[in-house]
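Visitor: prediction below, plus the sequence it came from.
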Amino acid sequence: MDDDDHRVVDLVKELVHRLLCTSSQNPNPPSFTQQEYNQALKYSLRILSSRMTPSIAPDDSAMAESIKRRLATAGKSSEALTFADLYAKFSHKNGPGSVRNKWAVLYLLKTISEDRKVRKNQFSNRISNGFLDSALAGGLPTLFEGDEISGGSGEFGNSSVGRSTDGFVDLRGSSENVRNLRGFSILENEKNEVSLSGLTANMKKLKVLGDASSSLRTREHVEKRYNGGILVVSKDPENIRDMAYRDFVDLIKEENEVTEVILVRDVLYACQGIDGKYVKFDEKADAYVLPELIKVPRATRIMVRKLCELGWLFRKVKAYITESLDRFPAEDVGTVGQAFCAALQDELSDYYKLLAVLEAQAMNPIPLVSENASSGNYLSLRRLSVWFSEPLVKMRLMAVLVDSCKVLKGGAMAGAIHMHAQHGDPLVNDFMKRSLRRVCSPLFEMVRTWVLEGELEDIFAEFFVLSQPVKAESLWREGYRLHAAMLPSFISQSLAQRILRTGKSINFLRVCCEDRGWADAATEAAAAAGTSTGRGGLGYGKTDALESLVTEAARRIDKHLLDVMYKQYKFKEHCLAIKRYLLLGQGDFVQYLMDIVGPELSEAANTISSFKLAGLLESAIRSSNAQYDDPDILERLRVKMMPHNTGDRGWDVFSLEYDTSVPLNTVFTESVMSRYLRIFNFLWKLRRVEHALIGVWKNMKPNCVTSRFFVKLPDAVKLHLILTSRKCQVLWDEMNHFVSNLQYYIMFEVLEVSWSNLVKELEAAKDLDDLLAAHEKYLYSIIEKSLLGERSQNLNKILFTLFDLILRFRSQADRLYEGINELQSRTTDSSSQDKARLQRPSNKKFSESGSWLGEGRKDLTRRAGEFLRNMGQDIDAIAKEYSSVFDGFISQLPIQQHVDLKFLMFRLDFTEFYSQLRPSTGGKLLL
């Protein structure tokens, strides 16, 4: 043995001797037997030959607290206090001669104590729980009371340890003693903490141990008193290896029996999203799992899996919060999404507090009255399941909300959360209401600022009101609209419409009307509703307060808006002006205008000057009662020449327009004014047809000159003239009957009735939408009743065909009476020549025949006959075509859906003349 080895052995023997003397209660040495000394010496040498690898971080305070807690748990309160006092002195002792590695000393003492406890609880079969068992576990080598040191072939050390002369063990006999003890710790020189991840490495170590101990495996058996050795059941090397592997697996399984205290700790870690020593998160299974190799009862495994559901839910909620906050400002998380994350974070804060309390209780034992009694930890898996009952319900709700709101934002997110609040459980209901108050806070703040200030603070497009940049005249109709996808379910559609209209009214007053009176109306509305105009006045659960505020604000602001439209901008006066001038309600103005522009409009459209027509319009205004109207209204009335084609006359392109500005053009938009233009063109043509028939009547009116002319005509010519004139007058009567009744129907049954309804609806209007709806209804009524609607297109074409036939008739009638006047003038000239001939002498017979058969008179009579015969044929053709078209018009009136059109049929066929004539004549109403 080397000097160092001898010195080590001597020091160990001296240390063991002193320790045995100190621990003995008998003051007279030796107070211990030789066997006790030998056992203590062997135990000490095995400690020195082993390598204990701790699996915890070096912390002397934590180690001391663990020892003290173990003593208290075992019911040794007095010893725990003594240990605490000794440790206090030990830890404060520093300087030369003091122990620097205090933690290692405490760990050694604790390991020795645990080893002694394990030795007491070992099974009777020690073959697979021997030296290898303890060494692989990272603890101390096991030493049993039946072990002896002898020089036999089965003894450890191969006779290298002998006895001294004083009866104690002599370790100086061979230099191999300490070396063998050190060499036997080959296995311990590696990291030997048994765990599931180190199973393969430990099995490899077992192979090394088997190869290094080939001399031991040649033995056929192992004596029972060497239970701490390695079991060899066969001389076959392969069989030895296989059996060793199986024995090692069983060894690992037995050593992985996990206590409930460790499982409780791992479950608490899992509930915080942290992997424990045994309970870890499996990405494939998407759950926290306890490995199958860990030896725990099935009921405990099920309990751990159920408790770890809370940790799985926590991971999901925490991941959503982290992801949302990480996306924020790069992506549109939104204020509602941020509020939702804040609400979840508040709930997790309470959850963290609960886990902190549970972790503190997990470290404390159950307090007992007796110091000798032993108790377990206060927190068990069963108690943990009771503690987790309420947090598990909340965490499930949060996980469900997270799944529902992943792709939602704004009002849609609030609505989805509200759907889960309809629950009968008071706990769930309170939790959802508390969360919704936080989530809906930004949404209700948007409602407040929109209703009371007209401001749309929605940079993330979360509000159910959307805005878009438009012109001032389109602000009311197109500037704002409801976004149905962002409308939460706890706000009804009608309430949302009122919210939209109230904010639109404020913006319309501010932008279009340049009015600031809405601010006072908003303040009055907030006071009447009992809410403040500042932040926080509204919130989830205060639906009645929201409805009251919106109702009061809408009523006051809409009333103020209508007052501005009626009084400041004179909306009713402008509607009346359009009726009088564009709908031709001002009779004297229309008649005078038609008289003075008629000759000008008879020219080709491309030759007419719009400036000259504007002057004629000004003349018509000054010459009629229109001159007394408001100058602002008269300045808006202008002449408009529509696009024309080749061959168009001035009558086809002439029209009037009424200029409107903001805010009137919100009502009188371009579309509305184009429909007014259609109505004007229809009424203007109707007035033109009426004016044409009046002109025909003026020419048809008999006079004394025409009467004298009839007497002087030959009988044949006189007969043609009478027939042609009668045809013309009969056709005029029929046309005049149609135009007069149509004119009466349009002016009284359509325009006046529609205007009366408009005035009533304007008086009853409560907001600008009602005003727009009333005007739209007024315009729609006129268009539909005037045969200008989509459902009356065929009838409208027939009507304009009738108008064209009437104008053709006017042209033919003018030709007829121009020809008659020319014939009359020539006949007068011929009569004067005949008088001159009569004064000359001649016989009576010659003179009578010469007065009618002269050369000039014959030619005149022939030409008159041909002219009247041709005119009669042209009038017959017009009458026939008119009768056919008019019959088609009459036949379609009864099938029209509008009741007033059926009334027009009643006026046109009041005597049932056409209805009786149609079956018998097959549509030939004339001739």
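Guide: Happy to help now that I have it.
Visitor: hey, let's count contacts and neighbours off CA atoms from now on
Guide: Will do.
Visitor: my guess is residue 793 meets residue 784, correct?
Guide: No - counting by C-alpha atoms under 8 Å, residue 793 does not reach residue 784; the two are 10.2 Å apart.
Visitor: between these two, which one's more packed in?
Guide: The neighbour count for residue 793 versus residue 784, taken as other C-alpha atoms under 10 Å, is higher for residue 784 (18 against 12).
Visitor: give the other helices and strands that the helix or strand containing the more buried one contacts.
Guide: Here residue 784 sits within helix 768-785, counting by DSSP states H and E. Applying 3 or more C-alpha pairs under 8 Å, 6 or more residues apart in numbering; DSSP states H and E, one finds that helix 768-785 makes contact with helix 543-563, helix 670-700, helix 753-764.
Visitor: quick one: buried residues of it?
Guide: 768, 771-775, 777-785 (16 or more other C-alpha atoms under 10 Å).
Visitor: what mean pLDDT does that helix get?
Guide: The average of the pLDDT scores along helix 768-785 is 93.
Visitor: pull the CA atoms of it into CSV?
Guide: This file holds the C-alpha atoms of helix 768-785, laid out as CSV (Å, rounded to 0.1, in the frame of the first residue of the first chain):
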residue,chain,number,x,y,z
LEU,A,768,-84.0,63.6,-43.0
ASP,A,769,-84.6,60.0,-44.0
ASP,A,770,-88.3,60.6,-43.7
LEU,A,771,-88.0,63.7,-45.8
LEU,A,772,-86.0,61.9,-48.5
ALA,A,773,-88.5,59.0,-48.4
ALA,A,774,-91.5,61.5,-48.8
HIS,A,775,-89.9,63.2,-51.8
GLU,A,776,-88.9,59.9,-53.3
LYS,A,777,-92.5,58.7,-52.9
TYR,A,778,-93.8,62.0,-54.5
LEU,A,779,-91.5,61.6,-57.5
TYR,A,780,-92.2,57.9,-57.9
SER,A,781,-96.0,58.6,-57.8
ILE,A,782,-95.8,61.2,-60.5
ILE,A,783,-93.7,59.0,-62.8
GLU,A,784,-95.9,55.9,-62.3
LYS,A,785,-99.2,57.8,-62.8
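Visitor: quick one: it to chain centroid distance?
Guide: Here helix 768-785 is found 35 Å from its chain centre; the criterion is C-alpha atoms, centre = their mean, to the nearest Å.
Visitor: wait, residue 772 sits on residue 668?
Guide: No - if you go by C-alpha under 8 Å, residue 772 and residue 668 don't touch, sitting 9.4 Å apart.
Visitor: after the worst-scoring helix or strand of the chain on mean pLDDT, next one along is what?
Guide: Taking mean pLDDT, DSSP states H and E as the measure, the chain has helix 844-853 as its least confident helix or strand, at a mean of 36. The element immediately downstream of helix 844-853 (helix or strand, assigned by DSSP H and E) is helix 855-892.
Visitor: tell me which residues in that following helix are buried?
Guide: For helix 855-892, the neighbour count (16+ other C-alpha under 10 Å) marks 857, 861, 864-865, 867-869, 871-872, 874-876, 878-887, 889-890, 892 as buried.
Visitor: show the average pLDDT along that helix.
Guide: Rounded mean pLDDT across helix 855-892 is 82.
Visitor: touching the very next helix or strand once past it from outside, list them.
Guide: Next helix or strand after helix 855-892 toward the C-terminus (DSSP H and E): helix 899-908. Helix 899-908 is touched from outside by 737-738, 741-742, 745, 749, 785, 890, 893-894, 896, with contacts defined as C-alpha atoms under 8 Å, 6 or more residues apart in numbering.
Visitor: PyMOL command to pick out the buried ones of those residues?
Guide: Paste this into PyMOL to select the buried members of the contacts of helix 899-908, with burial taken from 16+ other C-alpha under 10 Å:
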select buried, resi 738+742+745+749+785+890+893+894
